[in-house]
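A.B. asks: Below is the structure, and that's it, no one-letter string:
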């Protein structure tokens, strides 16, 4: 099956070592503090050292939806997830971490996959651009909140 995609990406440098940035960014209890559309993440099943099935609760406007995701962990450089069980639409995200001296550059990518041509682009544009005010903050704002969380935490 072919998949079409809509994708958006931002990056930011954080004044902290890569291990600390990764630990904060990938902690399920911390994610809602920097990703405003996520209200909660529950780990459903640990599949291996590098994989987990999780349930994410996403807030869109005043409604909360729950989705199963497959998360991938590669400390301290990669953290990602893709929605399971969606043959028409699936959301995904990737955070990558790269050391730059004593700092860390974080790249954050999010997007929509669809098995129907043009649908990912339409839904992605509406979700990430058109309804950003009611649906979610942008990736830049999420990275700024992550930066504040990491930099304000003691070593």
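C.D. replies: Yes, it's here. Treat the numbers as computed from the prediction; the structure is a model and nothing was measured.
A.B. asks: switch to C-alpha atoms for all contacts and neighbour counts from now on
C.D. replies: OK.
A.B. asks: burial count for residue 153?
C.D. replies: 10 (other CA atoms under 10 Å).
A.B. asks: actually residue 89, not the one I typed
C.D. replies: 19.
A.B. asks: Enumerate every residue touching it.
C.D. replies: 112-115, 120 (CA atoms under 8 Å, 6 or more residues apart in numbering).
A.B. asks: Could I get these in a markdown table, plus columns for secondary structure, distance to residue 14 and neighbour count?
C.D. replies: Putting the contacts of residue 89 into a markdown table (DSSP: H, G, I helix; E, B strand; the rest coil; distance: CA to CA, whole Å; neighbours: other CA atoms under 10 Å) gives the following:
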| residue | secondary structure | distance to residue 14 | neighbour count |
| --- | --- | --- | --- |
| 112 | strand | 27 | 26 |
| 113 | strand | 29 | 26 |
| 114 | strand | 33 | 22 |
| 115 | coil | 36 | 17 |
| 120 | helix | 31 | 24 |
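A.B. asks: closest to residue 37 among those residues?
C.D. replies: Nearest to residue 37 among the contacts of residue 89: residue 112, at 15.2 Å, using CA to CA.
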